[in-house]
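In: the sequence isn't on hand, but the structure is:
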């Protein structure tokens with residue numbers, strides 16, 4: 001892909017330049033009933049194609065879910081263990097009863113919504129890699145449906161209100177193609193496929209935000225229709241003041257939907273910390289736009305604010321407690337916890353301008369060529385979130401969308417309410433691909449908008465030109481745009497399925513969890529399990545999850561390297577010690593004879609002589625992926 005990206009990028013740039021030239025020469029005042037690509041409104045394009053894309057996207061998110069990635073990341077294990085002990089014991093690993101916000105590593109690291117939803121699935125289906133990843137995968141698949149319905153609904157509302165809808169080409173492009181192309185982008189882009197296939201708190205945020213936004217838009221439609229048509233008969237009965245009151249009354253169904261949307265937006269704040277800053281700003285802008293367009297009443301805004309405030313009160317109480325260093329609130333039923341360490345990711349002080357510049361650079365890198373400093377969890381080298389060659393198309397879409405929003409196009413105004421708060425937030429935090437989760441949502445639309453513009457210009461030439469050469473050249477040019485995106489998607493999918501496990505072995509530690517569980521079963525009352533720190537990260541968390549250690553046993557025996565660190569890392573609990581004896585090469589036999597057990601990376605077999613021919617006479621060696629469990633022959 002390193003070679004293909006520049007070729008695809010040059011192709012896209014050339015096509016964009018040609019399309020802009022064609023646009024500048026086209027008579028934009030003429031009324032031209034052109035049907036985009038000669039396609040009519042039938043079930044192939046409104047049902048069959050969307051369903052087919054959703055099926056493909058679902059397959060990419062569910063195929064061998066428990067095995068790709070192989071192993072578990074420490075954050076997955078943290079969420080899984082917290083969910084397990086909450087579902088079984090009703091406390092978190094710090095002994096708090098049903099905490100509003102589990103403090104996990106000490107300063108966070110696992111937002112409550114993902115943990116509690118996993119507690120439910122753990123209670124129902126048990127706890128393993130598949131059930132742990134099933135939630136983000138399932139919601140990731142649903143996100144495809146929600147995104148399609150949202151863009152379709154917004155595009156329809158924009159077409160109905162737009163003064164630009166003067167041609168069939170425009171209407172078809174807006175109503176038929178924008179939803180379909182947006183669906184293709186989110187279904188096939190590396191960002192959302194990778195996000196859906198492992199369990200991190202932020203990975204479900206797009207689902208909650210898009211669902212809340214869809215309900216909001218549906219509510220606005222019901223309110224608009226009610227104001228326009230439901231009370232029309234009253235116009236002939238009452239005076240002007242009463243007419244005005246009737247036409248501006250709050251529709252009951254719309255009000256209930258606005259309340260539901262507020263509840264879903266409140267849930268999104270529990271899904272990831274970034275939502276706490278972006279979503280309130282987004283909602284303020286939405287209320288201004290929809291109140292101005294008479295799609296929302298003052299009463300409905302008040303209802304929405306009250307519902308949102310009600311369901312976010314526990315979360316903001318938690319933030320206040322930690323910001324003001326107040327004591328935790330402990331009740332028999334729940335706990336509003338306090339972090340053991342403070343952590344700030346916000347730029348501040350004299351270096352704020354430099355930090356803002358660095359954050360902007362990180363955002364641009366993740367939207368273009370990809371950021372090589374990102375972890376393999378979310379980024380495969382050569383495959384940025386939306387592919388490197390598409391950024392000129394995205395930039396074109398942003399420019400077009402801004403122009404459209406100045407004309408008052410509803411869909412563009414709504415998309416901007418997410419994009420600009422996310423962008424501003426991203427400038428003032430230590431930005432990475434995870435914290436960019438909300439900015440990627442509008443980028444999907446911008447990329448689709450760029451596609452529609454470029455293809456639309458070539459369709460105009462195809463339909464209007466008398467020259468056969470120009471017609472075929474236009475057909476070829478418009479076909480290249482989606483073709484290159486599909487080719488890149490195939491290459492990414494093949495790389496992910498065939499190579500990702502080897503690329504991500506350091507992050508997901510395949511076999512380590514199974515090795516811990518096996519060693520735990522072998523260990524006697526006086527045994528010590530010595531675990532390597534080679535090719536593992538926060539191994540205590542993986543061991544906790546796979547051994548299902550009761551939280552009280554953990555609390556009574558855990559020893560943290562630094563209890564006050566931002567991220568507390570345990571170097572021992574129960575009979576696990578994370579770190580090998582300094583004299584392991586000399587004392588291995590003595591330890592094994594005493595019933596102790598070693599968990600080593602396969603590259604460390606020589607440390608205890610397990611690579612020798614007669615090793616089997618002295619010790620038992622059991623292999624689990626990239627790790628081995630070594631015990632004495634008497635074990």
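Out: All right, it came through fine. Everything numeric here is computed off the predicted structure, so don't read it as measured data. Numbers count the residues shown, from 1 in each chain.

In: which residues touch residue 611?
Out: residue 605 (C-beta atoms under 8 Å, 6 or more residues apart in numbering). Bear in mind the C-beta positions are built from the backbone N, C-alpha and C, glycine included.

In: mind checking pLDDT for it?
Out: Per-residue pLDDT puts residue 611 at 82.

In: can you pull out the strands in the protein?
Out: Along the chain, counting by DSSP state E, strands occupy 329-330, 335-336, 529-531, 559-560, 570-573, 576-578, 597-601, 619-624, 627-632.

In: strands paired with the fifth one, and their directions?
Out: Under the criterion DSSP bridges, strand 570-573 sits next to strand 559-560 (antiparallel), strand 576-578 (antiparallel) in its sheet.

In: list the contacts of the first one.
Out: Residues from elsewhere that reach strand 559-560, judged by C-beta under 8 Å, 6+ apart: 568, 569, 570, 571, 572, 573.

In: same check on the last one?
Out: Where contact means C-beta under 8 Å, 6+ apart, the residues beyond strand 576-578 that reach it are 516, 520, 528-531, 533, 539-540, 543, 570-572.

In: all helices of the stretch 451-600 of the chain, in order?
Out: Here the stretch 451-600 of the chain has its helices, by DSSP state H, counting those that start in this stretch, at 468-503, 505-508, 512-522, 539-547, 551-557, 584-593.

In: equivalent analysis for the stretch 151-300 of the chain, please.
Out: 168-172, 178-188, 190-195, 205-225, 240-247, 252-271, 275-292, 298-323.

In: tell me which of the strands paired with strand 570-573 is the most buried.
Out: Among the strands paired with strand 570-573, the stretch with the highest mean neighbour count (mean count of other C-beta atoms under 10 Å) is strand 576-578, at a mean of 22.

In: average pLDDT for it, rounded please.
Out: Taken as a whole, strand 576-578 has a mean pLDDT of 98.

In: so what pLDDT did residue 34 get?
Out: For residue 34, pLDDT reads 39.

In: pLDDT score assigned to residue 120?
Out: With respect to pLDDT, residue 120 has a value of 96.

In: ok, and the closest non-adjacent residue to it?
Out: residue 87 (7.4 Å; C-beta to C-beta, 6 or more residues apart in numbering).

In: might you report the residue contacts of residue 470?
Out: So residue 470 contacts residue 461 (C-beta under 8 Å, 6+ apart).

In: do the one 4 residues further on as well
Out: The neighbours of residue 474, taking C-beta under 8 Å, 6+ apart as the test, are 458, 459, 461, 462, 465.

In: quick one, grab the pLDDT at the third one.
Out: In this model, residue 461 is scored at 88, pLDDT.

In: that one: neighbouring residues, count only.
Out: 20 (other C-beta atoms under 10 Å).

In: distance check, it against residue 286.
Out: Between residue 461 and residue 286 the computed distance is 38 Å (C-beta to C-beta, to the nearest Å).

In: distance-wise, check the spatially closest residue to residue 375 that is not a sequence neighbour relative to residue 623.
Out: Leaving aside its sequence neighbours, residue 375 sits nearest to residue 507 (C-beta to C-beta, 6+ apart; 6.4 Å). Using C-beta to C-beta, residue 507 is found at 20 Å from residue 623.

In: ok, the spatially most central residue of the chain to residue 471 distance?
Out: The chain has residue 203 as the residue nearest its centroid, 3.3 Å off, counting by C-alpha atoms, centre = their mean. Separation of residue 203 from residue 471 (C-beta to C-beta) stands at 45 Å.

In: and what of residue 441?
Out: 37 Å.

In: quick one: which of those two has more around it?
Out: Counting neighbours by other C-beta under 10 Å for residue 441 and for residue 471 shows that residue 441 has the greater number, 22 against 15.

In: is it true that that one touches residue 206?
Out: Yes. Applying C-beta atoms under 8 Å, one finds residue 441 in contact with residue 206, separated by 5.8 Å.

In: re the thing from before, surely the residue nearest to residue 375 meets residue 380?
Out: No. Look at residue 507 against residue 380 with C-beta under 8 Å: they stay out of range, at 11.9 Å.

In: count of neighbours near residue 447?
Out: The burial count for residue 447: 28, using other C-beta under 10 Å.

In: next: residue 256.
Out: 14.

In: how close does it sit to residue 270?
Out: 22 Å.

In: can you check residue 70 too?
Out: 30 Å.

In: and these two? which has more neighbours close in?
Out: Counted by other C-beta under 10 Å, residue 70 and residue 270 do not tie: residue 270 has more neighbours, with 25 against 19.

In: quick check: closest non-adjacent residue to that one.
Out: Closest to residue 270 by C-beta to C-beta, 6+ apart is residue 113, at 4.0 Å.

In: kindly report the same for residue 311.
Out: Nearest one to residue 311, counting by C-beta to C-beta, 6+ apart, is residue 266 at 3.7 Å.

In: look up how far residue 471 lies from the one you found.
Out: Applying C-beta to C-beta to residue 266 and residue 471 gives a distance of 54 Å.

In: touching, residue 592 and residue 620? I think so.
Out: No. The criterion here is C-beta under 8 Å, and residue 592 misses it with residue 620 at 9.0 Å.

In: shared neighbours of the two, anything?
Out: 630, 631, 632.

In: looking at it, the second one is touching residue 619, isn't it?
Out: Yes. Residue 631 is within contact range of residue 619, at 6.7 Å (criterion: C-beta under 8 Å).

In: first to last residue in stretch 553-573, what's the distance?
Out: Distance between the two ends of stretch 553-573: 8 Å, counting by C-alpha to C-alpha, to the nearest Å.
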